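> Got a sequence here, can you model it:
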Amino acid sequence: MPNYDVEDEELPPTNPIPPATQNVGSSSGAGSSFSIEDNIANMNKRLEELFLLSNSRHEEVVGLIRGIDTRISNLEHRFDEEFTHDDDMSAEF
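Predicted structure coming up:
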């Protein structure tokens, strides 16, 4: 278990923070560089696309659920009509 009480212990060296113009998270190539504004604009565009896709998918799922609800409602009405026409079901048994 490490001893955190020792103040004289040297910490491992940390990597320097890259300059803001260096494209660190991209796999497109080491030679390309973008400004922070370009990265933010790109992230905003991707976030908006994700939001629109999420809304589209939500609307699709809600539509499917409404369709299922309508089908269940139609079945309920069909069974209600069949059972209201046959007042005395005990006669069949």
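> Tell me, how many residues neighbour Asn39?
For Asn39, the neighbour count with other Cβ atoms under 10 Å is 16. (Each C-beta comes from the backbone N, C-alpha and C, glycine too.)
> So Ser56 versus Ser73, what's the distance?
26 Å (Cβ to Cβ, to the nearest Å).
> scratch that, Glu82 is what I was asking about
Note on Glu82: its distance to Ser73, by Cβ to Cβ, is 15 Å.
> before we move on, what about Phe34?
From Phe34 to Ser73 the distance is 54 Å (Cβ to Cβ).
> More neighbours: those two, which one.
Neighbour count, other Cβ under 10 Å: between Phe34 and Ser73, Phe34 has more, with 16 against 10.
> Check what pLDDT that one gets.
Phe34 carries a pLDDT score of 76 in this model.
> Could you pull out the strands in this protein for me?
Counting by DSSP state E, the chain has no strands at all.
> Tell me where the model's unsure across it.
1-33, 85-93 (pLDDT under 70).
> go again using 50 as the cut-off
Scanning the chain for pLDDT under 50 picks out the ranges 1-2, 6, 29-31.
> who touches stretch 45-61?
By Cβ atoms under 8 Å, 6 or more residues apart in numbering, no residue outside stretch 45-61 reaches it.
> Convert that stretch to CSV, retaining C-alpha atoms only.
Only the C-alpha atoms of stretch 45-61 are listed here, as CSV (Å, rounded to 0.1, in the frame of the first residue of the first chain):
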residue,chain,number,x,y,z
LYS,A,45,-22.4,20.3,-35.3
ARG,A,46,-22.0,16.7,-34.2
LEU,A,47,-24.0,17.4,-31.0
GLU,A,48,-26.8,18.9,-33.1
GLU,A,49,-26.8,15.9,-35.5
LEU,A,50,-27.0,13.6,-32.5
PHE,A,51,-29.9,15.6,-31.0
LEU,A,52,-31.8,15.5,-34.3
LEU,A,53,-31.2,11.7,-34.6
SER,A,54,-32.3,11.2,-31.0
ASN,A,55,-35.5,13.2,-31.6
SER,A,56,-36.2,11.3,-34.8
ARG,A,57,-35.7,8.0,-33.0
HIS,A,58,-37.9,9.1,-30.1
GLU,A,59,-40.7,10.1,-32.5
GLU,A,60,-40.4,6.7,-34.3
VAL,A,61,-40.6,4.8,-31.0
